[in-house]
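Engineer: Need a 3D model of the sequence below.
(one chain, ligands or ions: 1)
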Amino acid sequence: MEGQELPYVLIDCIGGVHGVYEDHVGFLQKHFHLITMKEYLENKTLLSKKIRAIYMWYQKPVVNKELLQSLPNLRIVASSGVGIDHLDLNLLSSFGVKVSNTPFIVSTDTADLGMALMLASSRRLVEGYEMAVSPDTEYFPADWLGAEVSGATLGIVGMGTIGYKVAERAKAFEMKILYHNRSQRKKEEESAVGAVYCKKIDDLLQQSDFVLLAVNLTPQTHKLIGKRELELMKPTATLINISRGLLVDQDALVEALQNKVIKAAALDVTYPEPLPRDHPLLKLKNVIITPHIGSATKKTRRIMMEEMTESIQAGIAGLPIPHEVLP
Ligand SMILES: O=CC(=O)O
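Structural biologist: So this is what the prediction gives:
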């Protein structure tokens, strides 16, 4: 409204990995008065009472007790993406602060990326590219062969929206689909993609050619895949992770890959991110890594930003928040 001050919203920064995208700034500034963390820290006394919301893009700014104590009028933290493992929901609730995420919009792209990783790893796209552009190597050595995806068995751990979308895609590749989930999907959902429920994750691990992790990170799923689980997998199997690095015991994974306990890994997520440049995972030929780009398409990122805007507006107005995350 004319003359009315726009609500103050705290962001990490503009640009960079955790910053507001340059081409989202114009839209956001029509609705909010954006304050970067740097501006906030330099002008705490003036700004702390004004800030009503935090726009948290890829887990930044970090919201801890100290920050919450300094923002008495904070109403909502709008977090990008689906995972909320970086937020202490009980702490936020104790400050009367609501939380939202953008769960559904990220699922299609993330499922696409899961397929891309599976195909790239099995058909050795990265090595193939290196071979094709290198002036030194033999073009196509006889022992250089990939593994087929079509007809192989895919084990999906976590059959939420993303896991199910992976199954829909895998069906088109004529894959045999197993899944493990807290609860079994409805019969008609299972038969629509031809997925078979494994109550025990061990059964899925033993039978799958590709094991794809699409489960949320919680205290129960922390390091869900460790030495024991990797040893249950086939020596010809590939582990794909499109969820969170901490679902996997990374030291055990390195060991398993070095000792050929499993064939390969394709990871969009690790811990930390990025990995230190001398990390053993970066030296292994049977690993491909992408920099946490599950939802990284132009359209999806734009919609995420718009959904976060709506949630912030609702949170400040005290209206029902789209995609509110309850403690
Ligand atoms: O990591 C991405 C997400 O949680 O959406």
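
Engineer: Kindly tell me how buried Leu281 is, as a neighbour count.
Structural biologist: Number of residues near Leu281 (other CB atoms under 10 Å) recorded here: 16. No exception for glycine: its C-beta is placed from N, CA and C like everyone else's.

Engineer: which ones are touching it?
Structural biologist: 250, 253-254, 257, 265, 267, 270, 275, 287, 289 (CB atoms under 8 Å, 6 or more residues apart in numbering).

Engineer: Gly158 now?
Structural biologist: 180-181, 213-216, 243.

Engineer: try 6 Å this time
Structural biologist: Neighbouring residues of Gly158 by CB atoms under 6 Å, 6 or more residues apart in numbering: 214-215.

Engineer: What mean pLDDT does stretch 132-147 get?
Structural biologist: For stretch 132-147, mean pLDDT rounds to 84.

Engineer: repeat for stretch 71-89
Structural biologist: 97.

Engineer: Could you tell me the end-to-end distance of that stretch?
Structural biologist: In stretch 71-89, first residue to last residue: 16 Å (CA to CA, to the nearest Å).

Engineer: Glu148: how many residues sit nearby?
Structural biologist: 11.

Engineer: mind checking how far it is from Leu68?
Structural biologist: Using CB to CB, to the nearest Å, we find Glu148 at a distance of 52 Å from Leu68.

Engineer: residues near Leu326, how many?
Structural biologist: Count around Leu326 with other CB under 10 Å applied: 7.

Engineer: Determine the number of other residues adjacent to whatever residue of the stretch 101-250 of the chain ends up closest to the ligand.
Structural biologist: Going by CB to the nearest ligand atom, the ligand is nearest to Val106 of the stretch 101-250 of the chain, at 4.4 Å. Around Val106 there are 24 other residues, counting by other CB under 10 Å.

Engineer: Leaving out sequence neighbours, find the closest residue to it.
Structural biologist: With sequence-adjacent residues excluded and distances taken as CB to CB, 6 or more residues apart in numbering, Val106 is closest to Ser295, at 3.9 Å.

Engineer: next one: Met56
Structural biologist: Nearest one to Met56, counting by CB to CB, 6+ apart, is Ser79 at 4.5 Å.

Engineer: quick one, phi psi at the one you found?
Structural biologist: When read as degrees, to the nearest 10, the backbone of Ser79 gives phi -100, psi 140.

Engineer: Report the entries of the contacts of Leu281 that also contact the ligand.
Structural biologist: For the ligand, no contacts are drawn from the contacts of Leu281 by CB under 6 Å from any ligand atom.

Engineer: Only C-alpha atoms, please: export the helix or strand of the chain with the lowest mean pLDDT in CSV.
Structural biologist: Lowest by mean pLDDT, DSSP states H and E among the helices and strands of the chain is helix 125-133, with a mean of 92. Written as CSV, here are the backbone C-alpha positions of helix 125-133 (Å, rounded to 0.1, in the frame of the first residue of the first chain):
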residue,chain,number,x,y,z
LEU,A,125,29.4,-40.6,-19.1
VAL,A,126,32.1,-38.6,-17.2
GLU,A,127,34.9,-41.1,-18.1
GLY,A,128,33.5,-41.3,-21.6
TYR,A,129,33.6,-37.5,-22.0
GLU,A,130,37.2,-37.4,-20.7
MET,A,131,38.1,-40.1,-23.2
ALA,A,132,36.5,-38.3,-26.0
VAL,A,133,38.2,-35.0,-25.4
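
Engineer: Sort out which residues of it are buried, please.
Structural biologist: 127, 131 (16 or more other CB atoms under 10 Å).

Engineer: Quickly run through the sheet partners of the helix or strand just after it, with directions.
Structural biologist: Next along the chain after helix 125-133, taking DSSP states H and E as the criterion, comes strand 153-157. Take DSSP bridges as the rule and strand 153-157 pairs in its sheet with strand 176-180 (parallel), strand 210-213 (parallel).
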